[in-house]
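**Q** need coordinates for the below:
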Amino acid sequence: MSTKVSDHVLERLRAWGVEQVFGYPGDGINGLLAAWGRAEDRPRFIQSRHEEMSAFEAVGYAKFSGRIGVCAATSGPGAIHLLNGLYDAKLDHVPVLAIVGQTDRTAMGGSYQQEVDLHTLYKDVASEFVETVTVPEQLPNVLDRAIRTAYARRCPTAVIIPGDVQELDYSPPTHEFKMVPSSLGMSDFTATPADEALRRAADVLNAGDKVAVLIGQGAAGAVAEVREVAELLGAGVAKALLGKDVLSDELPCVTGPIGLLGSRPSYELMRDCDTLLTVGSSFPYTQFMPDFGKARGVQIDIDAHMIGMRYPYEVNLVGDARATLQRLIPLLKAEGRGREWYDTVCANVKRWHETMERRAGLAADPINPEYVARALDPLLPDNVILTSDSGSVANWYARHITMRPGMRGSLSGTLATMGPGVPYAIGAKFAHPDRPVVALVGDGAMQMNGLAEMITAAKYQDRWSDPRLVVAVWNNQDLNQVTWEMRAMEGAPSFLPSQSIPDVQYAAFARSLGLTGIRVEKPEDVESGWRAALAADGPAVIEFLTDPAVPPIPPHATWEQMEATAASILKGDADRGSMIKRGLKAKVQEFLPGRDKQ
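**A** A predicted model of the protein is given here:
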């Protein structure tokens with residue numbers, strides 16, 4: 001039997017080490033689906049409920065495996081559905097390859113059914129590389145370049161294959177004019193800055209008395225080096241949310257997340273420092289950085305395209321975080337530094353942890369959403385992978401989950417799209433079938449797509465050697481993050497027609513699929529509910545009935561801002577009294593002395 005183009009696509013993916021492709025079938029990729037049958041499902045075809053979920057699963061797989069995530073979809077609507085997940089990959093710098101079908105070449109340009117100009121559609125999201133295969137000899141070079149580019153640029157790429165091309169007999173490029181041969185593989189590489197730039201950076205850092213370090217996901221390979229820099233300079237370390245799992249929150253100088261979802265000590269670290277070192281982060285919110293002119297800055301990033309943004313850094317070092325810090329560390333001087341700044345940072349961190357514990361202990365109706373995350377924290381296995389959805393649940397993930405060595409976690413950091421929590425978790429299970437995974441999801445995101453994707457979890461649970469996949473739903477019947485943003489930013493009360501959502505029986509739905517389903521309605525059952533979900537012998541959904549009146553207060557919120565929010569609520573919010581009461585009670589915890597519960 002002759003080898004078809006579609007057969008060679010799968011053969012090439014296997015040669016690149018691709019073990020699964022997340023996709024959804026359609027006639028635009030019928031040739032590929034037939035090839036999967038001939039190849040005995042190698043690489044494995046993982047069927048989602050929707051192409052957007054396929055893309056999210058590929059992103060989750062790539063984030064937690066370090067390998068390229070691959071997704072596949074049919075022409076027209078299938079290709080369109082991939083876009084949101086691919087934009088998530090683009091904005092979070094994740095290597096993903098999309099393989100999409102197209103109408104036959106004979107029909108292209110004829111306004112044919114499901115014909116979409118895919119080059120125009122994909123030219124932004126896959127701007128680094130998008131190409132259509134029109135003849136068999138073109139295939140290996142296009143596919144290899146797409147994969148290499150995705151790895152090298154940490155981005156999504158796309159390969160478009162018309163349906164009739166998939167069915168052609170494969171013939172490789174020949175040694176002729178206008179043929180482009182190709183080869184597999186690429187070596188690892190390490191970029192480092194010039195010596196003179198390193199000396200200038202060291203001069204800036206050595207001159208600082210109050211040094212702050214901000215790390216993101218780009219510092220993941222430099223954990224020991226970041227710790228050593230912090231110790232040498234007596235610095236506090238704040239983390240962008242995509243870098244939450246880079247450094248242990250158990251270290252006394254780690255101030256935790258930064259930004260609207262951040263911690264008070266991170267806000268104070270940036271407000272009061274005189275020197276800033278940013279490693280592997282493109283945290284976008286300038287208002288949470290030091291005031292311009294108040295602090296000198298050094299940035300380290302491997303991508304020259306992303307360097308020098310967000311803050312007027314004095315020295316911009318283009319290079320791999322670990323290799324650059326290894327060369328920078330011998331130039332740093334620890335002698336002559338007092339401990340006052342370091343001790344202040346550590347004291348602020350200790351006080352914040354006490355504040356968070358008090359906030360989680362406040363009464364709510366029926367359950368305090370902060371307590372749900374707080375109760376989970378000590379129960380998490382050391383090798384757990386956590387995913388968080390966007391929304392108010394991301395606040396509780398950011399502030400109450402203590403990252404320890406060996407734990408992993410991520411969310412849609414830059415696009416901040418709703419809906420990736422559950423598909424990320426499924427992608428993580430295929431990346432690490434031997435590790436437990438916990439997804440933290442709001443009820444809005446669960447209704448948007450999480451419920452359907454539990455069908456995918458049920459379908460594939462026997463593929464995972466550790467069957468634990470826990471999906472936790474904060475059920476408050478409110479699109480809570482946007483509700484609070486309306487109050488705080490627009491000075492407007494909640495608009496119930498847009499914000500109120502139905503009370504869905506999430507646990508019952510899980511049970512209808514043969515999965516574990518747990519519904520927790522009272523605070524005293526929260527911890528036992530978590531224990532039962534974590535002990536389940538397969539995927540589990542646990543839902544908590546939480547209070548939408550508990551506010552996700554930003555770390556920089558002042559009493560004046562709280563009063564302004566309260567005034568907007570008093571204009572006519574549906575739950576005025578309880579919201580003001582919960583907000584004031586939560587804020588006052590920052591000003592209480594000692595550890596006692598109040």
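**Q** okay, now the unreliable bits of this protein?
**A** 485-491, 556-598 (pLDDT under 70).
**Q** remind me, longest helix of it?
**A** Scanning the chain for the helix with the most residues, using DSSP state H, yields helix 340-360.
**Q** nearest spatial neighbour of the residue nearest in space to the middle of the chain, chain-adjacent residues omitted?
**A** By CA atoms, centre = their mean, the chain has its centre lying nearest to Leu411, at 2.5 Å. Spatial nearest neighbour of Leu411, chain neighbours left out: Ser388 (4.1 Å); criterion: CB to CB, 6 or more residues apart in numbering. Where you see a C-beta, it was placed from the backbone N, CA and C, and this is true even at glycine.
**Q** and for the one you found, the neighbour number?
**A** Ser388 has 32 neighbouring residues, counting by other CB atoms under 10 Å.
**Q** ok, it - contacts?
**A** Contacts of Ser388 were listed using CB atoms under 8 Å, 6 or more residues apart in numbering, and they are 394, 397-398, 409-411, 421, 439-441.
**Q** again, only using 10 Å
**A** Neighbouring residues of Ser388 by CB atoms under 10 Å, 6 or more residues apart in numbering: 241, 244, 261, 373, 394-398, 401, 409-413, 420-421, 424-425, 438-442, 445, 472.
**Q** would you verify that Cys71 is located in a helix?
**A** No - assigned with DSSP: H, G, I helix; E, B strand; the rest coil, Cys71 falls outside any helix and is strand.
**Q** touching, it and His50? I think so.
**A** No - Cys71 is beyond contact range of His50, at 11.5 Å (criterion: CB atoms under 10 Å).
**Q** what segments of the stretch 201-350 of the chain are strands?
**A** Per DSSP state E, counting those that start in this stretch, the stretch 201-350 of the chain carries strands over the ranges 211-215, 236-239, 254-257, 275-279, 296-301, 315-318.
**Q** adding mean neighbour count and distance to Gly336, write these out as CSV.
**A** As requested, the strands of the stretch 201-350 of the chain are exported to CSV (neighbours: other CB atoms under 10 Å; distance: least, CB to CB, whole Å):
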stretch, mean neighbour count, distance to Gly336
strand 211-215, 30, 13
strand 236-239, 30, 19
strand 254-257, 26, 24
strand 275-279, 27, 15
strand 296-301, 25, 18
strand 315-318, 21, 21
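**Q** with distance to Val226 added, can I get those strands in a markdown table?
**A** Formatted as a markdown table, the strands of the stretch 201-350 of the chain follow (distance: least, CB to CB, whole Å):
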| stretch | distance to Val226 |
| --- | --- |
| strand 211-215 | 6 |
| strand 236-239 | 7 |
| strand 254-257 | 10 |
| strand 275-279 | 6 |
| strand 296-301 | 10 |
| strand 315-318 | 14 |
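**Q** out of those, the one nearest Ala126 is which?
**A** strand 296-301 (22.2 Å; CB to CB).
**Q** what's the angle from that closest one to strand 211-215?
**A** Angle between the axes of strand 296-301 and strand 211-215 is 20 degrees (criterion: axes from the mean of the first three to the mean of the last three CA atoms, to 10 degrees).
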